[in-house]
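# Turn this into a model:
(one chain, ligands or ions: 1)
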Amino acid sequence: MFGRRKHDAMPLPGGEEVDLSAKTPDGEYVIPADAHARRAHPLTVGAGLMLCRSYNYAEGLIFISFQRELRTFVNTMYRMADGDALLRYAMTISSAAFRIPPLNWSH
Ligand code: HEM
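Residues are numbered from 1 along each chain as shown. As a prediction, the model looks like this:
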C-alpha cells in the first residue's frame, strides 16, 4: 500500500526512494496500481506538491497538508477516492481548509 516493506520500512523496489517505475521481471509494477504511494503521488495526480504532516489523535489520525493551491489537495483526494488501497482501512470523518496569508500580507 505504501510501497515500503513492513518490517524495516525500506522501499519495495530497493534503494533509498520509493521508485514508482520499478517493475518485476514479468513486467508488473512492484508498487501496485492502487497503492497509496502511487495514487497520491503528485506525478500521478498531476497536481502540485504538498507538505504533509500526520498526528495520532484519539482512535485515529489527523492528516494536515500545506499547499499553495487548494486544488492540489482536492485533486489528490479525488484520485485517492478513485481506488486507493489505503481507503480500505481509513475513513475520512471530517475536513476543513484554511487560507494562511503570507507574513507580509498587509503590505
Ligand atoms: C489515514 C490517512 C493517511 C495515511 C496513513 C497516509 C500515509 C502515507 C504514507 C505512509 C506515505 C508514504 C511516505 C513515504 O513513502 O515516504 C504517504 C504518501 C503520500 N500521501 Fe498519504 N496518508 C494518508 C492520507 C493522505 C491524504 C488524505 C492525502 C491527500 C489528500 C495524502 C497524500 C499523500 C501524498 C501526496 C504522498 C506522497 C507522495 C510522494 O511524494 O511520494 N495522504 N501517505
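# make it CA atoms for all contacts and neighbour counts henceforth
Will do.
# Counting neighbours, what do you get for the residue nearest to Val18 when sequence neighbours are not counted?
Once flanking residues are discounted, Val18 sits nearest to Pro11: 5.1 Å by C-alpha to C-alpha, 6 or more residues apart in numbering. Residues lying near Pro11 (other C-alpha atoms under 10 Å) number 18.
# tell me which parts of the chain are close to the ligand?
Taking C-alpha under 6 Å from any ligand atom as the contact definition, the chain meets the ligand at 2, 37, 40-42, 73, 76-77, 90.
# separation between Met10 and Glu17?
Counting by C-alpha to C-alpha, to the nearest Å, the separation of Met10 from Glu17 is 8 Å.
# If you count surrounding residues, which of the two has more?
Met10 (15 against 12).
# And the more buried one, how far from Pro102?
Applying C-alpha to C-alpha to Met10 and Pro102 gives a distance of 37 Å.
# now do Val74
21 Å.
# So these two - more neighbours on which side?
Val74 (12 against 7).
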